[in-house]
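Q: Here is a sequence together with a model predicted from it:
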There are 4 protein chains.
Amino acid sequence: MKSAFRNAYLTLCRDSINPNPTSSFPCLLNLLPAISTSPSRSPFPGAHRNKALHSSLFASPCSTSMAGGEANAPEPCSSLEKQFAAFRCQLDDSGNIRERIRVVVMEIESASRLMQASVLLVHQSKPIPEVLEKAKAQIGELKELYSRLADVLNACPEQYYRYHGDWRSETQTVVSQLAFIHWLETGALLLHAEAEEILGLKSSEFGLDIEDYLIGICFLSNEMPRYVVNKVTAGDYDCPRKVLNFMTDLHASFRMLNLRNDFLRKKFDGMKYDLRKVEEVYYDVKIRGLAPNGESIGDEGIQGQS
Amino acid sequence: MKSAFRNAYLTLCRDSINPNPTSSFPCLLNLLPAISTSPSRSPFPGAHRNKALHSSLFASPCSTSMAGGEANAPEPCSSLEKQFAAFRCQLDDSGNIRERIRVVVMEIESASRLMQASVLLVHQSKPIPEVLEKAKAQIGELKELYSRLADVLNACPEQYYRYHGDWRSETQTVVSQLAFIHWLETGALLLHAEAEEILGLKSSEFGLDIEDYLIGICFLSNEMPRYVVNKVTAGDYDCPRKVLNFMTDLHASFRMLNLRNDFLRKKFDGMKYDLRKVEEVYYDVKIRGLAPNGESIGDEGIQGQS
Amino acid sequence: MKSAFRNAYLTLCRDSINPNPTSSFPCLLNLLPAISTSPSRSPFPGAHRNKALHSSLFASPCSTSMAGGEANAPEPCSSLEKQFAAFRCQLDDSGNIRERIRVVVMEIESASRLMQASVLLVHQSKPIPEVLEKAKAQIGELKELYSRLADVLNACPEQYYRYHGDWRSETQTVVSQLAFIHWLETGALLLHAEAEEILGLKSSEFGLDIEDYLIGICFLSNEMPRYVVNKVTAGDYDCPRKVLNFMTDLHASFRMLNLRNDFLRKKFDGMKYDLRKVEEVYYDVKIRGLAPNGESIGDEGIQGQS
Amino acid sequence: MKSAFRNAYLTLCRDSINPNPTSSFPCLLNLLPAISTSPSRSPFPGAHRNKALHSSLFASPCSTSMAGGEANAPEPCSSLEKQFAAFRCQLDDSGNIRERIRVVVMEIESASRLMQASVLLVHQSKPIPEVLEKAKAQIGELKELYSRLADVLNACPEQYYRYHGDWRSETQTVVSQLAFIHWLETGALLLHAEAEEILGLKSSEFGLDIEDYLIGICFLSNEMPRYVVNKVTAGDYDCPRKVLNFMTDLHASFRMLNLRNDFLRKKFDGMKYDLRKVEEVYYDVKIRGLAPNGESIGDEGIQGQS
């Protein structure tokens, strides 16, 4: 029986990681009505589906307590064993989901590393259009990876935040790079909706968490002092003013938010040092009379100037 | 305009903590169709509602970039300001939800502390029925508190796991107490579904997380060595055998689970010390010939014996 | 009796969070004379009120020690249970007070964040009067919030310092902002008494702690280097001299104080770096012959110059 | 002038640490009406007294801003200098109070160390009456020290909690020793009111903080496992039962309290290990049939038995 149980268990679990699960239990669908209340009642719809299947697979008259004398050799159909068999399936399901997330996230990380390698060339004042072209080459792949990630998550609806921790830091990095690219092109902040569009998250259940977006923007801010220093070194004396305007608005916008005491708050508190550093670079340029006098006409983006 | 914005913001946020939010935007509902795609596309449906409202409140032809010369005086309708106004509302919404969760969780903690105070009297071999009666007096209040918690969470569907961390440890404690009470009554393990039923979670969207249930059961296991020591002290020499059977099955059941390297895993690893301690007490009893010889007939629960 | 006790407890505690508590014990006031000595003798007058009520509620001839054979079933009127029932009420009272403080403090933090968002616009050389107008818009709300905070504290006289830690850091930030605004308007330091007046603390028992005021002033000092850098960048070459005079006096004044080894001391030690930075900016301006030669006539405040 | 100012300052400060201050400013009392609003308006009544005196000492027509050209050599009567002179006095006042507290607290610590040295002899089963006599010899001195401490605090009314941190840990230790002595004599818990009486705190403004009392009781609990082990070693096989009864009630009483997440909470969480250890000692005694069979009649305290 143990092995029979194992087989049943394995069947279930092989099925239950199928992204489109209902279709994979044709012969069992007729069992579902019996437990029709389950799906609505738990945070694990997917899990409950399996529990339902187990209940039915192991349905049997007996329901002995486990504390009986021979309890340490529990009969196959004890409700205890049934429950833990269901748990095993459910934990394995979520384990499998985490594993599949991990695989995609590793690829996301690798793609974003390539993108970063290209973007960072701007610090050596490579011609921006060329830099951007290289960097944007990765966007297609990222989009594809996020749609794969979305597929994994869509297989377990309502559990976005259950697994959120598994991809958030990589996503924050991706956002910071996309925002840097966007700023280099347009001189404007990449908006949350624009980031979702670039990553193809618009149409899916799978969205970009706002705090991840905001943290990504903080990372962008951390990049700016270095950028400004390198641009001035390369003789672009108008850059500090533009960056300062951008960061000032950004900082002011963040100030509107009531952040709780968490990582985002810590990142935001750090932004003021980026701002101060950029102000000091602007100061150096101005006091030496290097800044182009007369504020430049409204920006059509950085790209134009460089 | 700033103040106009502030007012709009305040209105929204005052509303957005309304448990029944749609009803609180009578005048704005007709704006929703305009952004009908939003709700389905983000992890924050509730938040999106506000974003929608903002979009409509600030609807205007212009959509200027923020890096313009006068960027540091962003015109009221800049997409940047609109976005952050929406974020502020969304973050305040989730802040309000956390606040409301916090209030309920504090009451849950207090009720479970009272329940524990009663349950622990079994260690002084108070007659179990009396102890249980006292302890179970709290269950009604807990049930009511969890339905309040469920109401808070149902107001933001699909975000159970976003806020999960805010109530899980208190819930694990509650589970361990309910499971102890149940074991004292029946000699059997309180099942996940039974725990959900006791806490009235069956009918709601708001379920009992399986890992929280399992951690609660580990806490139950931690209580057993102490219980057995006290029962033997009080002259119940058959108790160690029963507890040992129970824990052996429990430990075996947990062994079936593939746990990842997290808190649950750590708690489970600790169970073996509880088991060992109970075995040692059983040994003390046996070697002194104190244990009733001949295994007792199948249990009708501990209650019967005491 | 237990439940009777619980009810009594609940009644008391429901009342004890009533901002106007005496009025909420009409039926019990006649019990107070019985314990007329209590109020004067403890650091918890409010708490004593409840203790008094408990003493009276549970008044009874018996006063048995707890170590009797049946001690583990303490009779309802044991002095031990009475004491802990009173403690529970007193701890819940102070817990409730902390809760109410927390709520107000969160609003103070949010209002001060908005004020800061406006004040910081001076770094972008916005016309100061306009900036100040915006910033001062928050003062009314802050005043109202501090009067609410004072009400909470006045409900528990003599316990200002018991809860002080719960609002001090937010208050230090508020002071630094008010002092910055005041300096921008008058070129003078906001005095402690002036800060109290602005926040409407004059008439209440609830004052502004001197160390909080001083720490707030240290935060103001931290803001100055950035201010001076930005003003010079914007072409105000006389600003460094004025700021330097201000900070030199401020630093000299702090030097008079015997500070013990605490946070205030650490903040003060940091002031010298702000001073040094401002001196360096003044130096840059002077050495380039940018400073207006001939010290300007006595200040009628910064506002005039900008 | 500077030195004149210093003298004035010194006079003030010498006076202002006088425990009975009003009497020490005969010639200045008539100045007080001028600032009659001050006393009610600040958390530092004592401090305000000095501020008042300063205001009067430095009263003068001029009230120049500090940002004037010669601001870095401020004329004596600048409101800035006046304020900091007052602050210096107030900070020195509180510094002096802390110093005086420190002196008394050191003596309290030394007296309690002596008391502890005697009490701990019970672990070597010295005859309890003799042990107690020695230990109680210190109580008189402690009482005198606490009345000195009360005098220091009464000199700055309403500021008990401002300085609380300076004596609380020593007081917690004293409470734990008094409670141990009391328990050895009576087998009952020393109540808060009894502790206040022993330390002569009843008649003064200066009371025993409830949390300090409770933490002291937790320390008492920590002592019990060791006590019980040593008593059994010395052949007192009935001791574990008595201690267990005492600790069980104590633990149950603490359970009633809603403790916030602070040191007291941590100490209480630790109590269960003391309890468990005592239960195990009782178990060892019982299972070996060493415990006197038949529960002893209601306790007239441990002393009787030993």
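A: Everything's here; your move. The structure displayed is predicted, hence computed values, not measured ones. Numbers count the residues shown, from 1 in each chain, chains lettered A, B, ... in the order given.
Q: right, is the helix or strand hosting A:S221 up against chain B?
A: In this structure, A:S221 sits in helix A:210-233 according to DSSP states H and E. Yes - using C-beta under 8 Å from any C-beta of the partner chain, we find that helix A:210-233 touches chain B at A:210, A:214. From N, CA and C alone the C-beta is placed, and that goes for glycine too.
Q: who does that helix touch, helix- and strand-wise?
A: With contacts taken as 3 or more C-beta pairs under 8 Å, 6 or more residues apart in numbering or on different chains; DSSP states H and E, helix A:210-233 sits against helix A:168-186, helix A:192-198, helix A:239-255, helix A:263-287, helix B:79-119.
Q: what's the closest of these to chain D?
A: Closest approach to chain D among the helices and strands packed on helix A:210-233 (C-beta to the nearest C-beta): helix B:79-119, 3.9 Å.
Q: and the angle for that closest one with helix A:239-255?
A: Angle of helix B:79-119 versus helix A:239-255, following axes from the mean of the first three to the mean of the last three C-alpha atoms, to 10 degrees, is 40 degrees.
Q: give me every residue that touches A:L114.
A: A:Q138 (C-beta atoms under 8 Å, 6 or more residues apart in numbering or on different chains).
Q: Any figure for the gap between it and A:R148?
A: Applying C-beta to C-beta, to the nearest Å, the value for A:L114 to A:R148 is 17 Å.
Q: Likewise for A:K134?
A: A:K134 is 23 Å from A:R148, by C-beta to C-beta.
Q: Repeat that for A:V175.
A: For A:V175 relative to A:R148 (C-beta to C-beta), the value is 18 Å.
Q: How about A:D93?
A: Relative to A:R148, and taking C-beta to C-beta, A:D93 is found at 18 Å.
Q: Could you do A:P129 as well?
A: A:P129 is 30 Å from A:R148, where distance means C-beta to C-beta.
Q: give me the low-pLDDT residue ranges for the stretch 1-150 of chain A?
A: Within the stretch 1-150 of chain A, the ranges that satisfy pLDDT under 70 run A:1-77.
Q: returning to that earlier point: dump the helices and strands packed on helix A:210-233 into a markdown table; add distance to C:L142 as well.
A: What follows is the helices and strands packed on helix A:210-233, written out as a markdown table (distance: least, C-beta to C-beta, whole Å):
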| stretch | distance to C:L142 |
| --- | --- |
| helix A:168-186 | 34 |
| helix A:192-198 | 31 |
| helix A:239-255 | 16 |
| helix A:263-287 | 21 |
| helix B:79-119 | 19 |
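Q: Domain map for chain A?
A: Domains of chain A are assigned by automatic domain parsing as A:97-208, A:210-300.
Q: any chance of these in a markdown table, plus distance to D:R168?
A: Listed next are those as a markdown table, based on distance: least, C-beta to C-beta, whole Å:
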| stretch | distance to D:R168 |
| --- | --- |
| domain A:97-208 | 40 |
| domain A:210-300 | 27 |
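Q: Compare the mean pLDDT across those and name the weakest.
A: When the domains of chain A are ranked by mean pLDDT, domain A:210-300 comes last with a mean of 90.
Q: So A:A188: helix, strand or coil?
A: coil (DSSP: H, G, I helix; E, B strand; the rest coil).
Q: which phi and psi does it have?
A: Phi and psi for A:A188, reported as degrees, to the nearest 10, are phi -120, psi 160.
Q: Surely it is in contact with A:H182?
A: Yes - between A:A188 and A:H182 a contact is recorded at 7.1 Å, counting by C-beta atoms under 8 Å.
Q: that older thread, and A:V175 and A:R148? Which one has more around it.
A: A:V175 (27 against 16; other C-beta atoms under 10 Å in any protein chain shown).
Q: What residues does that one make contact with?
A: Contacts of A:V175 (C-beta under 8 Å, 6+ apart): A:190, A:195, A:208, A:212-213, A:215-217, A:219.
Q: same thing but 7 Å
A: The contact partners of A:V175, by C-beta atoms under 7 Å, 6 or more residues apart in numbering or on different chains, come to A:195, A:212-213, A:216.
Q: quick one: which of these is nearest to A:H164?
A: A:D212 (8.4 Å; C-beta to C-beta).
Q: can you tell me which residues contact that closest one?
A: A:168, A:171-172, A:175.
Q: ok, now with 10 Å
A: A:164, A:167-175, A:192, A:195, A:264, B:43 (C-beta atoms under 10 Å, 6 or more residues apart in numbering or on different chains).
Q: Now the two most distant members of the residues you listed.
A: The distance between the two most remote of the contacts of A:D212 (C-beta to C-beta) is 19.0 Å, for A:T173 and B:P43.
Q: For the closest residue to A:W167 other than its chain neighbours, give me its contacts.
A: Of all residues not flanking A:W167 in the chain, A:V105 sits nearest, at 4.9 Å (C-beta to C-beta, 6 or more residues apart in numbering or on different chains). By C-beta under 10 Å, 6+ apart, the contact set of A:V105 is A:98, A:145, A:149, A:166-171.
Q: for A:R162, same thing?
A: A:43-44, A:94, A:97-98, A:153, A:156, B:160-162, B:164, B:209.
Q: do that again at 8 Å, thanks
A: Neighbouring residues of A:R162 by C-beta under 8 Å, 6+ apart: A:43, A:94, A:156, B:160-161, B:164.
Q: That one: which element?
A: Assigned by DSSP H and E, A:R162 falls in helix A:160-163.
Q: Could I get the buried residue list for stretch A:122-132?
A: A:122-123, A:128, A:131-132 (16 or more other C-beta atoms under 10 Å in any protein chain shown).
Q: Show me the two of those residues that sit farthest apart.
A: Maximum distance among the buried residues of stretch A:122-132 (C-beta to C-beta): 13.8 Å, for A:H123 and A:L132.
Q: Report how many residues lie close to A:D151.
A: If we define neighbours as other C-beta under 10 Å, then A:D151 has 15 of them.
Q: Oops, could you answer that again for A:P240 instead?
A: 27.
Q: correct me, but it touches A:K277?
A: No - counting by C-beta under 8 Å, A:K277 is not a contact partner of A:P240; they are 10.2 Å apart.
Q: what touches both of the two?
A: Common neighbours of A:P240 and A:K277 (criterion: C-beta under 8 Å, 6+ apart): A:V228.
Q: Pull out the buried positions in stretch A:220-239.
A: Within stretch A:220-239, the residues scored as buried using 16+ other C-beta under 10 Å are A:220-221, A:223-225, A:227-229, A:231-232, A:236-239.
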